[in-house]
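> please find the sequence and the predicted model below.
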Amino acid sequence: MRMFFLMLLMLVSAGCKKLPEPLPDVRQSKELIVVTHNGPNTYYVNGDNAFAGLEYDLVRLFAADLGPEYKVSFLLVGNISEVLPTLLEGRAHMAAADLTITSIRKRMVDFSMPYQGVQQYVVYNTEQGKAPKKVQDLLNANIVVPAGTSYAERLRALSKDEPQLVWEELGNVSADELLEKVATGELDYTVADDHLAAVLGNYYPNLRNGMALGKPEDIGWAFPKERYPWLKEKANAFIARIKKDGTLRNLLDRYYGHSNRLKPIDVTAFLQRSKTILPQFIGLFKQAQELTSLDWRLLAAVSYQESHWDRFNTSPTNVRGMMMLTEDTADRMGVTDRLDAKQSIIAGARYIVLLKESLPERIAEPDKTWMALAAYNIGLAHLEDARVLAQRMKLNPDSWADVKKTLPLLNKVEYYSTLKYGYASGGAPVVFVESIRTYHKILERHEPSHKQLLPDLDLAWFSPGFGPIP
C-alpha cells in the first residue's frame, strides 16, 4: 500500500505542474509511444551496436502487427521505478518494461494478458556465505533492491510476519547492477527474477539463487486505466497469436534458452582462460572476422568449446587444432597444418560461413547461425534430418528453438530408422551450440567488438579453390 500511496503522491505533486497534453489515439497518430528502461530484459544496444532486448523485439513485432503504417517510439526512463509514473502522467500509450503483474500495480494500471512467468529469488554470493533458506537467514544482512519493483513489494509482505527484516530500496539503480554488487561482495543479498539471475549467473559464477520469495508471478504490458481499450485489446490478440504460433517461444529461447546450460565451474574456467590464453589469439580471430564478417567473439567461443584455445588439441578420432577440424574439412578448406592456429581459425570461420550458405535463405538470424554451428558439430545431413523430423512433429524446421528439440531424438530407433541419414548422437550439437551461445554472450560483455580493418591484415592466405568470401 505504501507504494500505491507513493505513486498517488507523485501524481498529486505533478498536478501542481502543467501535465503534458494527452497523447493522441494511436489509430489517429499511427505512432505507438512505449515507455521502458535500459536493461538486459528490456532495451539495450547489443554487441553489433543494434537495439535488442525481449521487450524491444516484442514491441516492434506488435507495431508491425498493427499495420505497416504504424511506427513505434520508445521513451526511455532512468530505471523501473519511473516507468509507471511516466505512463500515468500520460506520456506513453503503454509500458513494456519487464513489469511483474502485482495486486498493487493492478490498482493503478491495466495489464495485458501475461506473456512470461517468473519466480523471484534471494540471490547470494557463494564466496560470502551459505544459501538463505528462510526469512530468519536474512536478518541483520545488507539487502538492497531497486525502488518501485515487485521485489520491494515481496519484502514488505514478508516484513509483516518478521518485523526485524530490514532492507534498502534505491531509486537510481537496476536489478542487474545490484546482482553485480552481490557478486563483488558489496552486498549480502538482492532479489531478482529467475531469468535475470540466470543471465547474470553466466557472467558471475559465484551468484546463486537462495530462497524463493512467494509464488511464481507473470509479466505483462501496462496501460493507463480505461484510456486505450482498443490498444489493450490488440495487444491481447497479438500475445495470444505469438503464443500459439511459436513466435514467443522462439524469442524467449533467443534471450534465455542458453542461460542454464553451463555450470559455474565452466564459467569460472572460461573467464580465467579469457584473461590468460585468449589474448594470444585475438588478432587471429579478428582476421577471421575480416574475411568472413562473423563476429570474432563468436569464433572465439566456438574455438573455446572445441579446443579450450589449445592449438595442439587432438581427439581420439584425430580431429585437431584450435577449431578441431577433421581431415576431410581441412582438405576441403585447403589447410596444410591443422595445428597452425592461423590456418585452423580462418578455415573454421570460413567453413561456418559455407554451412550457413548451405541452409535455406528463409531461415532468419540468429537461428541460421545456431543451425550452422549444429551442422559444424554433427554435419549438415543429420541437421537436415532433425529439420525433417521437426516438420513431421508440427514444429518449425526453421527455428532453432524447435530443431534443438528434435536433434536429441536422432539416437532413438523409432525416429532415426525413418530418416534418410540414420542414427546420430543428436544431443551433442545441442550442448555444443547452447554452450557457445553462453560463451559468446560473456565475451560480448567483456570484450569490445571489432569494426575497423586491421592495418597489418595479411589477406594472402586463402584456401585453394574456395577463394575469398565477399
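Yep, it's here.
> ok but residue 409 is inside a helix, no?
Yes - under DSSP: H, G, I helix; E, B strand; the rest coil, residue 409 sits within a helix.
> that one: neighbour count?
19 (other CB atoms under 10 Å). C-beta: built from backbone N, CA, C; applies to glycine.
> likewise for residue 310?
For residue 310, the number of neighbouring residues by other CB under 10 Å comes to 16.
> where in the stretch 351-470 of the chain is pLDDT low?
Counting by pLDDT under 70, the stretch 351-470 of the chain contains low-confidence ranges at 452-470.
> need the helices for it, in chain order.
Assignment of helices within the stretch 351-470 of the chain using DSSP state H, counting those that start in this stretch yields the ranges 367-378, 380-392, 400-406, 413-416, 427-446.
> show residues contacting the longest one.
Read it as helix 427-446. The set of residues that contact helix 427-446 without belonging to it, under CB atoms under 8 Å, 6 or more residues apart in numbering, is 46-47, 199, 202-203, 257-259, 261-262, 266-267, 270-271, 274, 295, 297-298, 300-302, 304-305, 370, 373-378, 383, 400, 404, 407-408, 411.
> returning to that earlier point: for residue 165, find the nearest of the helices of the stretch 351-470 of the chain.
Between residue 165 and the helices of the stretch 351-470 of the chain, the tightest spacing by CB to CB is seen for helix 427-446, at 33.0 Å.
> return the alpha-carbon coordinates of that closest one using PDB.
As requested, the backbone C-alpha atoms of helix 427-446 are provided in PDB (Å, rounded to 0.1, in the frame of the first residue of the first chain):
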ATOM      1  CA  GLY A 427      22.200 -34.300 -28.000                       C
ATOM      2  CA  ALA A 428      25.800 -33.300 -28.600                       C
ATOM      3  CA  PRO A 429      25.100 -30.400 -31.100                       C
ATOM      4  CA  VAL A 430      22.500 -29.000 -28.700                       C
ATOM      5  CA  VAL A 431      25.100 -28.900 -25.900                       C
ATOM      6  CA  PHE A 432      27.700 -27.600 -28.400                       C
ATOM      7  CA  VAL A 433      25.500 -24.700 -29.600                       C
ATOM      8  CA  GLU A 434      24.000 -23.700 -26.300                       C
ATOM      9  CA  SER A 435      27.400 -23.600 -24.700                       C
ATOM     10  CA  ILE A 436      28.800 -21.400 -27.500                       C
ATOM     11  CA  ARG A 437      25.800 -19.000 -27.100                       C
ATOM     12  CA  THR A 438      26.700 -18.500 -23.500                       C
ATOM     13  CA  TYR A 439      30.400 -18.100 -24.100                       C
ATOM     14  CA  HIS A 440      29.600 -15.600 -26.800                       C
ATOM     15  CA  LYS A 441      27.400 -13.600 -24.500                       C
ATOM     16  CA  ILE A 442      30.100 -13.500 -21.900                       C
ATOM     17  CA  LEU A 443      32.700 -12.300 -24.400                       C
ATOM     18  CA  GLU A 444      30.200  -9.600 -25.700                       C
ATOM     19  CA  ARG A 445      30.100  -8.300 -22.200                       C
ATOM     20  CA  HIS A 446      33.800  -8.200 -21.600                       C
END
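> okay, buried residues for it please.
Going by neighbour count (16 or more other CB atoms under 10 Å), the buried part of helix 427-446 is 428-430, 432-444.
> which among the residues you listed gets closest to residue 219?
Minimum distance to residue 219 across the buried residues of helix 427-446 is 21.1 Å, recorded for residue 441 (CB to CB).
> ok, and what's touching stretch 222-235?
25-27, 32, 62, 65-66, 83-84, 87-88, 90, 93-95, 97, 99, 105, 108-112, 221.
> if any of the residues you listed are buried, put those into a PyMOL selection.
Typed into PyMOL, the line below selects the buried ones among the contacts of stretch 222-235, using 16+ other CB under 10 Å:
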select buried, resi 26+32+62+66+83+84+87+88+93+94+95+97+99+105+108+109+110+111+112+221
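> so of the contacts of stretch 222-235, which ones are in strands?
Secondary structure defined by DSSP state E assigns 32, 94, 95, 97, 99, 109, 110, 111, 221 of those to strands.
> on that earlier part again, can you lay out the helices of the stretch 351-470 of the chain as TSV showing distance to residue 211?
Listed next are these as TSV, based on distance: least, CB to CB, whole Å:
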stretch	distance to residue 211
helix 367-378	35
helix 380-392	39
helix 400-406	31
helix 413-416	41
helix 427-446	26
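> and residue 210, which of those is closest to it?
With CB to CB as the measure, helix 427-446 is the member of the helices of the stretch 351-470 of the chain nearest residue 210 (22.4 Å).
> how far away from the center of its chain is the closest one?
Mean C-alpha position of helix 427-446 versus that of the full chain (CA atoms, centre = their mean, to the nearest Å) differs by 11 Å.
> same check on stretch 377-394?
For stretch 377-394, the separation from the chain centroid amounts to 25 Å (computed by CA atoms, centre = their mean).
> CA atoms only: put it into CSV for me.
Extracted in CSV, the C-alpha atoms of stretch 377-394 (Å, rounded to 0.1, in the frame of the first residue of the first chain):
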residue,chain,number,x,y,z
ASN,A,377,29.3,-30.4,-34.9
ILE,A,378,27.0,-33.1,-36.3
GLY,A,379,27.0,-32.5,-40.1
LEU,A,380,24.5,-30.9,-42.5
ALA,A,381,22.9,-34.3,-43.3
HIS,A,382,21.9,-35.0,-39.7
LEU,A,383,20.8,-31.4,-39.2
GLU,A,384,18.5,-31.8,-42.1
ASP,A,385,17.1,-35.0,-40.7
ALA,A,386,16.3,-33.1,-37.5
ARG,A,387,14.6,-30.4,-39.5
VAL,A,388,12.6,-33.0,-41.4
LEU,A,389,11.6,-34.5,-38.0
ALA,A,390,10.6,-31.1,-36.7
GLN,A,391,8.3,-30.6,-39.7
ARG,A,392,6.7,-34.1,-39.1
MET,A,393,6.1,-33.1,-35.5
LYS,A,394,4.3,-29.9,-36.5
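> and for it, what's in contact with it?
Outside stretch 377-394, the residues that touch it by CB under 8 Å, 6+ apart are 355, 358, 371, 374-375, 396-399, 402-403, 405-407, 409-410, 415-416, 419-421, 424-426, 428-429, 432-433.
> from these, which would you call buried?
Among these, those scoring as buried are 355, 371, 374-375, 396-399, 402-403, 405-407, 409-410, 415-416, 419, 421, 424, 426, 428-429, 432-433 (criterion: 16+ other CB under 10 Å).
> walk me through the domains of this protein.
Per the record's domain assignment (automatic domain parsing), the chain is made up of the domains 2-114+219-256, 118-216, 264-446.
> any idea of the mean pLDDT for the shortest one?
To tie it back to what came earlier, the one meant is domain 118-216. Averaged over domain 118-216, pLDDT sits at 91.
> from one end of that domain to the other, what's the distance?
6 Å (CA to CA, to the nearest Å).
> all set, thanks.
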